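>>> build the 3D model from these lines:
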Amino acid sequence: MDKLRIIGLEVSARIGIRDWEQQVLQRLSIDLELDTDATRPAASDDISDALDYGLIARDVVDFVRASQFRLIETLAERIAQRLLGSFAVSRLRVCVHKPGAVPGARDTSVEIERARSS
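Model (predicted):
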């Protein structure tokens, strides 16, 4: 299986379990890895045969900016559901990073892997 990766997609959102976290925008970084078959787009050199990573990135950024979740686990799950439901992806991995969430740690993240239901 071929992979399409979007690494370090920066977006700000209201996310966290504390009241103040729901009042401010916090910086998140999102990594996406989507299983795809690149054979056809590689042969045709036509974007209509490929996963449009620009469209996928814009969709995720718009969704995250409009969201308001308490947990990064919930956000990762909703991103996965959205991508599986909207794009020709059979399996994907989503990693949501919340830098600065833990004092003394460079990063905190959750990574999930999901597949389209048969």
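
>>> assumed residue 88 was part of a helix.
No. The assignment for residue 88, made by DSSP: H, G, I helix; E, B strand; the rest coil, is coil rather than a helix.

>>> so what's it up against?
Neighbouring residues of residue 88 by Cβ atoms under 8 Å, 6 or more residues apart in numbering: 36, 51. Heads up, the C-betas are built off the backbone N, CA and C, glycines and all.

>>> for it, give me the pLDDT.
At residue 88, the predicted lDDT confidence score is 90.

>>> for residue 95, same thing?
So residue 95 comes in at 98 (pLDDT).

>>> wait, isn't it in contact with residue 9?
No. If you go by Cβ atoms under 8 Å, residue 95 and residue 9 don't touch, sitting 10.2 Å apart.

>>> need the overlap of contacts for these two.
Common neighbours of residue 95 and residue 9, using Cβ under 8 Å, 6+ apart, are 30-32.
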